[in-house]
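Q: Sequence below, structure please.
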Amino acid sequence: MIVVVGLPAYADSPDGEQCAGGLAVEVAAAAKGRGSAVELVGKVGNDGAGDAVVVALGRLGIGHAALLRDPVRPTPVLAAVATDDDLAEVDAETPEALLLPEDAAARPMLEAADVELALRFLPAAGVIVVADPLAETGIVAAVEGAAYAAARLIVLVPAGAKPPAVPADATLLEAPAEDDGSFGRLVGIFAGALDAGVDPRAAFAEAVASSGWEPIVE
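A: Sure, this is the predicted structure:
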């Protein structure tokens, strides 16, 4: 089983269907598509958008038993925006998205205690992916949870951010500054292959080939 730790957002699809979005959901969906059982550890607001996220995760086959509700902060919303003044036409498949509220402090956040409790609740994890930034204490909780479950740990780092302190056997991957969704697919497929017992080097090669990325050969 793969456990993805991150904060899902609400999003409307081009056809008007209510969906769940964000990097954590992209990773979880790709891992599910690779054949793994997946649980999402996250938090949404106690609102209608949060309800829609839960329904959307269910449609994707992503477990949400450890998805918490924030009684104060609203569920974040992914809104497509045009970038070339008012003349730009947003690509319906890969639009640029703005996460609202823009202030991260106004969105739900995962505390170390949330991560610790959730991972204790999911001891069958074979791979744990930290998809969104956590405070140092949250990273410590993820590291301890991975050790407790004897799970492989993958931590995603925002572009340009300082990598957190993790054990030598953990995998750190830097997210690109701009992404069309292929990075989430890469991570999810990589995690799914590890969960299936594939050697890490071969698992990463499969993920690169399957996600549309191209290795740089010098």
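Q: Tell me where this structure has helices.
A: 23-33, 48-60, 112-121, 136-149, 182-195, 200-211 (DSSP state H).
Q: So which of these is nearest Pro76?
A: Pro76 lies closest to helix 48-60 among the helices of the chain, at 8.2 Å (Cβ to Cβ). Heads up, the C-betas are built off the backbone N, CA and C, glycines and all.
Q: now that closest one: how far from the chain's centre is it?
A: Between the mean C-alpha point of helix 48-60 and the mean C-alpha point of its chain there is a distance of 15 Å (Cα atoms, centre = their mean, to the nearest Å).
Q: What residues are bridge-paired with Leu173?
A: On the basis of DSSP bridges, Leu173 takes part in beta bridges with Leu156.
Q: From Leu122, how far off is it?
A: Distance from Leu173 to Leu122, counting by Cβ to Cβ, to the nearest Å: 22 Å.
Q: now do Ala142
A: To Leu122, Ala142 is 12 Å away according to Cβ to Cβ.
Q: the more surrounded of those two?
A: A direct count of neighbours by other Cβ atoms under 10 Å for Ala142 and Leu122 places Ala142 higher, at 30 against 20.
Q: what sits against that one?
A: The contact partners of Ala142, taken as Cβ atoms under 8 Å, 6 or more residues apart in numbering, are 5, 115, 119, 128, 130, 134, 153, 155.
Q: And those residues, which is closest to Val55?
A: Top of the list for closeness to Val55, among these and by Cβ to Cβ, is Val5 at 21.0 Å.
Q: Neighbours of that closest one, how many?
A: Using other Cβ under 10 Å as the criterion, Val5 is surrounded by 29 other residues.
Q: going forward can the numbers begin at 148, since that is how I track them
A: Done: numbering now begins at 148, and the last item shifts to Val152.
Q: Quick one: residues contacting it.
A: Residues counted as contacts of Val152 (Cβ under 8 Å, 6+ apart) are 171, 188-189, 257, 262, 265, 275-279, 281, 289.
Q: For these, which single residue is the most surrounded?
A: Highest count within the contacts of Val152 by other Cβ under 10 Å belongs to Val276, 33 neighbours.
Q: just checking, that one touches Val150?
A: Yes - using Cβ atoms under 8 Å, Val276 is in contact with Val150, at 7.2 Å.
Q: Which residue is the nearest non-sequential neighbour of Pro314?
A: In space, and not counting its chain neighbours, Pro314 is closest to Val290: 6.3 Å by Cβ to Cβ, 6 or more residues apart in numbering.
Q: meant to ask about Gly153, not that
A: Nearest in space to Gly153, with sequence neighbours left out and distances taken as Cβ to Cβ, 6+ apart, is Ala171 at 2.5 Å.
Q: Adding distance to His211 and pLDDT, write the contacts of Val152 out as a markdown table.
A: A markdown table is the format used below for those (distance: Cβ to Cβ, whole Å; pLDDT from 0 to 100):
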| residue | distance to His211 | pLDDT |
| --- | --- | --- |
| Ala171 | 11 | 97 |
| Val188 | 9 | 98 |
| Gly189 | 8 | 97 |
| Leu257 | 14 | 96 |
| Val262 | 15 | 97 |
| Ala265 | 11 | 96 |
| Ile275 | 16 | 98 |
| Val276 | 15 | 98 |
| Val277 | 17 | 98 |
| Ala278 | 15 | 98 |
| Asp279 | 16 | 97 |
| Leu281 | 19 | 97 |
| Ala289 | 18 | 98 |
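Q: Neighbours of Leu247, how many?
A: Here the count is done by other Cβ under 10 Å, and Leu247 has 15 residues near it.
Q: Many thanks, have a good one.
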